[in-house]
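1. quick one: sequence plus predicted model below, questions after.
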Amino acid sequence: MSIKLSIIIPCYNAEPYVYELLDTLTPQLTNEVEVILIDDGSKNPLNLSDYKWVKHFRQRNKGISKTRNRGLEMAKGELIWFVDADDLIAKNSIAYILERINEEWDYMDLSWKSLEDNSFNFKLVNDRDSLSNPSASTRVFRRSFIGDTRFPEAKDASEDEHFTRHLQIRKAKHICATQFIYYYRIGTPNSNSKKFLGNKCKTKRIVYYYNAVTKDRTDILEEIKKEDETNEVILMTFRNEIPELEKYCQIMTPRKYRAMEKRGEPNNYITVIPSAYRTQVVIYTSVTYEIGGLETFIYSFCKQMSKYYDITVLYDTIDTKQLARLCEIVPCLKNDLNRPIECDTLIVNRISDRIPPNVSYEKSIQMTHCIKQYPNWHIPQDKDYIVNVSQASKDSFGDEAKDGIVIHNLTDGVRAKKALLLVSALRVGAEDKQGNDARCIKFSQMLDRAGIKYIWLYFGNRQMKNEPQNMIYCGLQLDIRPYVAKADYLVQLSGSEAFSYSLLEALECNTPVIVTPLAQNEDMGIVDGLNAHIVPFEVDGFDVKKILKIPGFTYKHDNKAIIKQWRDLLGDSTPKHDYKPKADIEVEVLVEYKDLQLNKLMTKGTKCVMKMPRAIELQGLGYVRCFD
């Protein structure tokens, strides 16, 4: 019996979807149907032992056009249907197509819908209807109609549009499947269409605009014909007098459209898609505050790891002081959803952050910097790796972190000079610290009652209410280690910490700590009486006179081992080391103000050159505008 229908399935890394498609095909097959599946160099070879009826071929990765063309050369059927491996077809689709094989038509348009969104579909009404999309998968073609036309092997995108346009299907005879036959899986991550629209393919969308294309403009025809060999070409015009152009480009009336390049006459219709920004590692946070362990992690990570990788900090909002110090080390970008970002590894810092849609990556890492305190706190499970900063953090999330690894927080590796006495870093009023403020006040009152003389410097976001006389608010500073190094103790009386940077910095300075019995203490090597005095969460009952015996110890934080963990996780690299921070930057004064550093009155509209950190700080205050 002769073959009436050849189904050609190109497959590239389409597990597990391809098996679902084959399961749908199995009960529909007859001796009149052949299925040709070409594995185009997938990472994992397919196991087709349950589908022995499939004509299966595996090749090195050559792209969808070459794969479909190979299938077309093999096909024996009178009808040809290209089905994508990650899509599905209706249960009665083959029978429906074969029932209509003897009617007079060159191709059949298929009603289609999305597997994810019931409102996204295209239902054909009758044979006079037609599809608007150029897809080859939602059409069944007669082999005789295809003839010598093939998919464009020089293109890595928009190959369907090229194929159907060169067939000139608008001039051919067609019929319609008025019941849903084809089901798109539009939510597939890193799909080729998303890469194309993200300006990540070799093939580019070039849009021409001319008010009118007259018969004498053969130069336009020749240029578009040449571009059509490798790019998707669109011509916007109100009048076209060269019919041959229909074979080499899409022709449409002018409208708002996005393109990688715009050509022709000046216009406001076409928006150019910016080219992708590429780097090895992107470390992303939606919000970077003026202080915090996460902020210190980002800075320390960049300081240590930029020796080995090209790193970019990507943010939505950021404190200007944090931005200024990060810019001294690595490039920092405010995220623009219209600009594609590509990287080998994406590191997401907050469990509440979602990956921006314009960022693509080969490997993703979810950092977990916290202890689970609320039922609605969850670690996203859509990343390749979960990294907890301590065993205590990992344990607190239970099964959500069972496949995670523990990598302790890096420090920047810089030894600090000494300052004096009791020092704390506080986020006053922070709910996740569970009574830190009240506990500090209570502890200071106990010191007063015991007659212990002290000066307690605390650095934070704001002053505590009703603070004791000997507690001195010192405002915000990005680096308090000079004071910690000089202090007798670093005091951290939080109710919850995952891996406290202030404690870690104190221990690296060989400054003992006064700390509550946190689960993270074991991770950090904090031992009561050795390098610490551990105070009960209730504070009451602790003999504050113990702190008069200041422990002496030597503490080693193994940054080298942690760097190795990160390098094992991130993989080998060869950074360019081509980032050079600007020493000076030109600014424009927006409002009149007295600049104490320059010792002069700055008038509105004045342009001058400043040191970059100072310029960024003043821009954050609204005094100046920086020029790139």
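-> Looks like it came in fine. Residues are numbered from 1 along each chain as shown.
2. tell me the centre residue of the chain?
-> The centre of the chain sits closest to Val359, judged by CA atoms, centre = their mean, with a distance of 3.7 Å.
3. now that residue, nearest residue through space, not along the chain?
-> Ile341 (4.5 Å; CB to CB, 6 or more residues apart in numbering). Glycine gets a C-beta too; all of them are placed from N, C-alpha and C.
4. one step back: what's the separation between the residue nearest to the centre of the chain and His408?
-> Remark: distance between Val359 and His408 (CB to CB, to the nearest Å) = 27 Å.
5. ok, now which ones touch Met74?
-> Residues near Met74 by CB atoms under 8 Å, 6 or more residues apart in numbering: 36, 55, 57.
6. contacting residues around the helix or strand that contains the last one?
-> By that I understand Phe57. Element membership for Phe57 (DSSP states H and E) is strand 55-59. Defining contact as CB under 8 Å, 6+ apart, one finds that strand 55-59 is touched by 34-41, 45-46, 48, 67, 70, 74.
7. any idea of the mean pLDDT for it?
-> Averaged over strand 55-59, pLDDT sits at 95.
8. repeat that for stretch 166-186.
-> Mean predicted confidence for stretch 166-186 is 93.
9. report how many residues lie close to Glu290.
-> Using other CB atoms under 10 Å, Glu290 has 16 other residues around it.
10. nearest residue to it other than its sequence neighbours?
-> Asp319 (4.2 Å).
11. just the buried positions in the helix or strand of the chain with the lowest mean pLDDT, please.
-> Lowest mean confidence among the helices and strands of the chain (mean pLDDT, DSSP states H and E): helix 192-197, at a mean of 72. Residues 192, 195-197 are the ones in helix 192-197 that count as buried (16 or more other CB atoms under 10 Å).
12. make CSV out of the residues you listed and add distance to Thr149.
-> Listed next are the buried residues of helix 192-197 as CSV, based on distance: CB to CB, whole Å:
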residue, distance to Thr149
Asn192, 21
Lys195, 25
Phe196, 22
Leu197, 25
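13. just give me the closest of these to Phe141.
-> Taking CB to CB as the measure, Phe141 sits nearest to Asn192 out of the buried residues of helix 192-197, at 21.0 Å.
14. check contacts around the residue nearest to Glu290.
-> 288-290, 295, 620 are the contacts of Asp319 under CB under 8 Å, 6+ apart.
15. 7 Å - rerun?
-> Contact partners of Asp319, counting by CB atoms under 7 Å, 6 or more residues apart in numbering, are 288-290.
16. do Thr138 as well
-> 109-110, 112, 131, 182.
17. let's see which of these end up in strands.
-> 109-110, 112, 182 (DSSP state E).
18. for Lys91, state which of the residues you listed is nearest.
-> Out of the ones in strands among the contacts of Thr138, the member with the shortest distance to Lys91 (by CB to CB) is Tyr182, at 12.5 Å.
19. that closest one bridge partners, please.
-> For Tyr182, the beta-bridge partners are Ile89, Trp112 (DSSP bridges).
20. isn't it right next to Asp84, touching?
-> No - contact criterion CB atoms under 7 Å: Tyr182 and Asp84 do not qualify, at 9.3 Å.
21. does Asn192 touch Ala157 like I think?
-> Yes - under the criterion of CB under 7 Å, Asn192 makes contact with Ala157 at 6.1 Å.
22. now Gln304: which helix or strand?
-> helix 293-305.
23. from the contact counts, what lies against that helix?
-> Here helix 293-305 touches strand 277-288, strand 311-318, helix 320-327, helix 559-570, going by 3 or more CB pairs under 7 Å, 6 or more residues apart in numbering; DSSP states H and E.
24. please repeat the previous calculation with a cut-off of 8 Å.
-> The helices and strands touching helix 293-305, judged by 3 or more CB pairs under 8 Å, 6 or more residues apart in numbering; DSSP states H and E, are strand 277-288, strand 311-318, helix 320-327, helix 501-508, helix 559-570.
25. buried deepest among these, which one?
-> Among those, helix 501-508 has the highest mean neighbour count (mean count of other CB atoms under 10 Å), at a mean of 25.
26. partners of the next helix-or-strand element following it, with directions?
-> Using DSSP H and E, the helix or strand that directly follows helix 501-508 along the chain is strand 513-515. Strand 513-515 has the following sheet partners, assigned by DSSP bridges: strand 489-492 (parallel), strand 532-534 (parallel).
27. contacts for the shortest one next, please.
-> Translated: strand 532-534. Applying CB under 8 Å, 6+ apart, the set of residues contacting strand 532-534 is 489, 512-517, 521, 526, 528, 542, 546-547, 551.
28. want to throw the helices and strands packed on helix 293-305 into JSON lines with mean pLDDT and distance to Ile386?
-> Below are the helices and strands packed on helix 293-305 laid out as JSON lines (pLDDT from 0 to 100; distance: least, CB to CB, whole Å):
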{"stretch": "strand 277-288", "mean pLDDT": "94", "distance to Ile386": "15"}
{"stretch": "strand 311-318", "mean pLDDT": "96", "distance to Ile386": "20"}
{"stretch": "helix 320-327", "mean pLDDT": "94", "distance to Ile386": "24"}
{"stretch": "helix 501-508", "mean pLDDT": "94", "distance to Ile386": "20"}
{"stretch": "helix 559-570", "mean pLDDT": "94", "distance to Ile386": "11"}
